[in-house]
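**Q** Mind folding the following:
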Amino acid sequence: MTDVKVRLRPVAEADLPDYVRWLNDPEVSRFISVEPGTITIEGEREWFARISDPNRREKTWAIEAEGRHIGNCTLGVNGAGQVAHFGIVIGDKTAWGKGCGTATVREVLRIGFEEWGLHRIYLYAFAENTRAIRCYEKCGFRHEGLRR
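**A** Reported below is the predicted structural model:
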């Protein structure tokens, strides 16, 4: 799908129950660094307090599609402010395979390169996460190496 529309907005405290539900789902958390069954609302409140710090060099957005909260993404500036790392999770499984991830990646790349003036954006992906890798490559990312 090419006409999928997503909206990036600040994460709100009201989003936290979604994160608890999604991150405790082994299918959702399979390719991210969390242990399903261990995510609590208290832990998510602590995370929310950290990402809400106005001095943080990392920007985290909630992702909305068709007016529904479906996931989040982060762009974190490194060093001198010319390079950033990227991460995304589409937690709402009903949004999988519909182009929401691709639309989100493209919007974050636009923000990073056009608005923030970055020179490079990178990410890490598990080799088995073929669906995500296809999305990243479609958006212009290139495979550079294997981390063991």
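**Q** Show me what the helix or strand hosting Ala132 is packed up against.
**A** Taking DSSP states H and E as the criterion, the element that holds Ala132 is helix 130-138. Packing contacts for helix 130-138, counted by 3 or more Cβ pairs under 8 Å, 6 or more residues apart in numbering; DSSP states H and E, involve helix 100-110. Any C-beta I mention is one placed from the backbone N, CA and C, and that applies to glycine too.
**Q** same thing but at 10 Å, please
**A** Helices and strands touching helix 130-138, by 3 or more Cβ pairs under 10 Å, 6 or more residues apart in numbering; DSSP states H and E, are strand 83-90, helix 100-110.
**Q** Check the spatially most central residue of the chain and give its pLDDT.
**A** Closest residue to the average C-alpha location of the chain: Ile88 at 1.8 Å, with Cα atoms, centre = their mean. Note for Ile88: predicted pLDDT of 97.
**Q** Could you report the separation of it from Arg21?
**A** Counting by Cβ to Cβ, to the nearest Å, the gap between Ile88 and Arg21 amounts to 18 Å.
**Q** Then Tyr124?
**A** Using Cβ to Cβ, we find Tyr124 at a distance of 25 Å from Arg21.
**Q** What would the helix-or-strand element of the chain with minimal mean pLDDT look like as CSV? C-alpha coordinates only.
**A** Comparing every helix and strand of the chain by mean pLDDT, DSSP states H and E singles out helix 26-29 as the least confident one, with a mean of 92. Only the C-alpha atoms of helix 26-29 are listed here, as CSV (Å, rounded to 0.1, in the frame of the first residue of the first chain):
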residue,chain,number,x,y,z
PRO,A,26,5.6,-12.7,22.7
GLU,A,27,4.6,-12.3,19.0
VAL,A,28,5.1,-8.5,19.3
SER,A,29,8.2,-8.5,21.5
